[in-house]
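Peer 1: Fold the stuff below for me.
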Amino acid sequence: AQLTVPDVTGVFKIKMVHGVTGLSNLQDEVEVPVRPLRHDEHDRFLVAAYPYYAGALSSLAATLLLGALFLYGTEPKASSRTKPSGGSSGGVGDKSKDE
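Peer 2: Residues are numbered from 1 along each chain as shown. Predicted structure coming up:
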């Protein structure tokens, strides 16, 4: 048989008295302590928390990937857009062939 206990902590006395006419009576008393669960008695992984576990693991994976790219990645080569195209820009110290 299952018995639902209250959410209040404490010591409760459960009494059972069973009487049938023509037979002897049954009586039983049990004291049951009701206490909150200890820290190691809870479920280790909660099903409702799987999205949070996935978010934490994906953040860890992204951090490791970005760290590996930063440490072991190569720098991009300078493109031709960053260098002058060989024409005279007219700036000070510009030596052109006309002089």
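Peer 1: From now on I want contacts and neighbour counts done on CA atoms only, so please keep to that.
Peer 2: Noted.
Peer 1: The protein: helices as residue ranges?
Peer 2: Under the criterion DSSP state H, the chain contains helices at 50-72.
Peer 1: Pass me the low-pLDDT residue ranges in it, would you?
Peer 2: Residue ranges of the chain with pLDDT under 70: 80-99.
Peer 1: Quick check: beta-bridge partners of Gly10?
Peer 2: Gly10 forms beta bridges with Val34, as assigned by DSSP bridges.
Peer 1: In this structure it contacts Val34, no?
Peer 2: Yes: the criterion here is C-alpha atoms under 8 Å, and Gly10 meets it with Val34 at 5.3 Å.
Peer 1: Which of these two has more residues huddled nearby?
Peer 2: Taking other C-alpha atoms under 10 Å, Gly10 and Val34 do not tie; Val34 has more neighbours (14 against 11).
Peer 1: ok now do that one, which residues does it touch?
Peer 2: In this structure, Val34 makes contact with 5, 8-12, judged by C-alpha atoms under 8 Å, 6 or more residues apart in numbering.
Peer 1: again, 10 Å this time
Peer 2: Val34 makes contact with 5-12, according to C-alpha atoms under 10 Å, 6 or more residues apart in numbering.
Peer 1: how about TSV for these, with distance to Tyr50 added?
Peer 2: TSV is the format used below for the contacts of Val34 (distance: C-alpha to C-alpha, whole Å):
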residue	distance to Tyr50
Val5	30
Pro6	30
Asp7	27
Val8	30
Thr9	30
Gly10	34
Val11	36
Phe12	37
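Peer 1: right, and out of those residues, which lies closest to Leu65?
Peer 2: Asp7 (47.1 Å; C-alpha to C-alpha).
Peer 1: Okay, the closest one and His42: tell me how far apart.
Peer 2: 16 Å (C-alpha to C-alpha, to the nearest Å).
Peer 1: ditto for Ser58
Peer 2: From Ser58 to His42 the distance is 25 Å (C-alpha to C-alpha).
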